[in-house]
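Peer 1: Below are the sequence and a predicted model; questions follow.
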Amino acid sequence: MSKAMHAKPFRLTGPYTGRHARPESPRSKLIRAVSLGLACVCLLLTATVYPASAATSNTSMASLQSKLDKLSQSINQHKKELSDAKKKESAAKALESELKERVTVLQDQISVLGGQIAAVQNSIGEKEQQIGRASCRERV
């Protein structure tokens, strides 16, 4: 009897190549080696060039902080202006209501005076008629 396949002992060997796989060509080995070397150079270049930008990140943080402070000041100023505008609007509304009251009082006074003027004109008309009758009687 033969052993089952899962009972095979584990052996650590190089990269797995299937039994049916062709051996890797020298050209693809060269391309893989060049790609690995290029990746290492890029990584090394990044590690050596960008630590210098750490200092600029501090200055950029300071720049961002100053911009944030300016925005905060601007927001506070706009809040104050908004508060002042609301106060002015409230005062304008109070003044408007007071003026409306005064206009109403004046309109009432005008209507009363209009009635008085009409009464005076009527009495003038009556007096003129009386004078006219009296002058007609004297002539006759």
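Peer 2: Cool, the structure landed.
Peer 1: rest of the way, CA atoms for contacts and neighbours
Peer 2: Noted.
Peer 1: Helices along the protein, start to end?
Peer 2: 26-49, 52-139 (DSSP state H).
Peer 1: for the first one, the distance to its chain's centre please.
Peer 2: What it means is helix 26-49. Put simply, helix 26-49 sits 49 Å off its chain's centre (C-alpha atoms, centre = their mean, to the nearest Å).
Peer 1: In terms of pLDDT, where does the residue most central in space within the chain sit?
Peer 2: Centroid-nearest residue in the chain, with C-alpha atoms, centre = their mean: Ile75, separated by 11.2 Å. Ile75 is assigned 95 on the pLDDT scale.
Peer 1: how much space is there between it and Leu68?
Peer 2: 10 Å (C-alpha to C-alpha, to the nearest Å).
Peer 1: Find residues that contact each of these two.
Peer 2: Here Ile75 and Leu68 share no contacting residue, scored by C-alpha atoms under 8 Å, 6 or more residues apart in numbering.
Peer 1: count of residues packed around Ser60?
Peer 2: 13 (other C-alpha atoms under 10 Å).
Peer 1: What's the per-residue pLDDT of it here?
Peer 2: Ser60 carries a pLDDT value of 80.
Peer 1: Also Lys29?
Peer 2: Note on Lys29: pLDDT of 87.
Peer 1: ok, now Leu45?
Peer 2: pLDDT at Leu45 comes out at 84.
Peer 1: Would you quantify the distance from it to Leu38?
Peer 2: Leu45 is 10 Å from Leu38, by C-alpha to C-alpha.
Peer 1: Kindly report the same for Ser83.
Peer 2: As judged by C-alpha to C-alpha, Ser83 and Leu38 stand 62 Å apart.
Peer 1: Much appreciated, bye for now.
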